[in-house]
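Peer 1: Just a sequence and a predicted model for now, questions to come.
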Amino acid sequence: MRPVTESEIRTSFVNCTKGEAKRMAVPRDLAGKPWDDLDFFGWQDPASPERAYLVTPHGDGLIGIALRRAAQTGGHIRRTMCSLCLTTHGGVALMTARKAGKSGQNGNSAGAYMCSDLACSLYLRGKKDAGPGARLHESLTLDMQVERTVANLAAFVAKVRA
Ligand SMILES: [Zn+2]
C-alpha cells in the first residue's frame, strides 16, 4: 500500500467516535514502516495491548477499523489460524470490532481470528517468522496469497460496515 499520514489514519475510522479517533495511539514512526510490503497497516496500542487498529486502502482513501482483542481463556497459548493470512501460530487472537453506525450503537460487533500484531502482510512475505509449521506449503503464488488475504480482510470490513 502507499504510505499514509497520521491525519489520513485518524479520519479513516468507521467504527469509533471522532473523539476516540482523535485520542487513539497512532505510531509516530510512520515514515519508517515497510509500506511496499504492507497490504494493510495494523498496530496495537502500546498503552493497552487489548486495543488494536487497522487501516486498509479503499478506492482513493482508507478505511480504518478499531479492534479489541478478546481475553485469552485458559492458561496456555493455543496455536490458531489467522482468518486473514492463514498463518497458524500462538499470536493469533479473536479480534472484535464494534459495527459501524446504528448497528454498533446497538451493541453489535463482528469478530475474526487474526494475527494480534496485524503483521499478516509480513508473515505472507516471509519478512516476519511465526515459527516452524506456521505457513502451509501452498501451490499459490505470493501474489495470489496476498490477493486472498486482501479479499478476506475486505469481507471482514464489509461485515463491520454492514
Ligand atoms: Zn494474519
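Peer 2: The structure has been received and is ready for your questions. Numbering: from 1, shown residues only.

Peer 1: State which helix of this structure is the longest.
Peer 2: helix 142-161 (DSSP state H).

Peer 1: Could you check it and say which residues are buried?
Peer 2: Neighbour-count burial for helix 142-161 flags 145-146, 148-150, 152-153, 156-157, 160-161 (criterion: 16 or more other C-beta atoms under 10 Å). Bear in mind the C-beta positions are built from the backbone N, C-alpha and C, glycine included.

Peer 1: Same check on stretch 84-93?
Peer 2: 84-89, 91-93.

Peer 1: Could you give the average pLDDT over that stretch?
Peer 2: If you average the pLDDT over stretch 84-93, you get 95.

Peer 1: Start and end of it, how far apart?
Peer 2: Across stretch 84-93, the terminal residues are separated by 12 Å (C-alpha to C-alpha, to the nearest Å).

Peer 1: start at 266 instead
Peer 2: New numbering, starting at 266: the last item is stretch 349-358.

Peer 1: Now do it: distance to the chain's middle.
Peer 2: 11 Å (C-alpha atoms, centre = their mean, to the nearest Å).

Peer 1: Is any residue of it near the ion?
Peer 2: Yes - Stretch 349-358 reaches the ion (C-beta under 5 Å from the ion) through 349-350.

Peer 1: roughly how far is the host helix or strand of residue 375 from the heart of the chain?
Peer 2: Take DSSP states H and E as the rule and residue 375 turns out to sit in strand 374-380. Taking C-alpha atoms, centre = their mean, the mean C-alpha location of strand 374-380 is offset from the chain mean by 9 Å.
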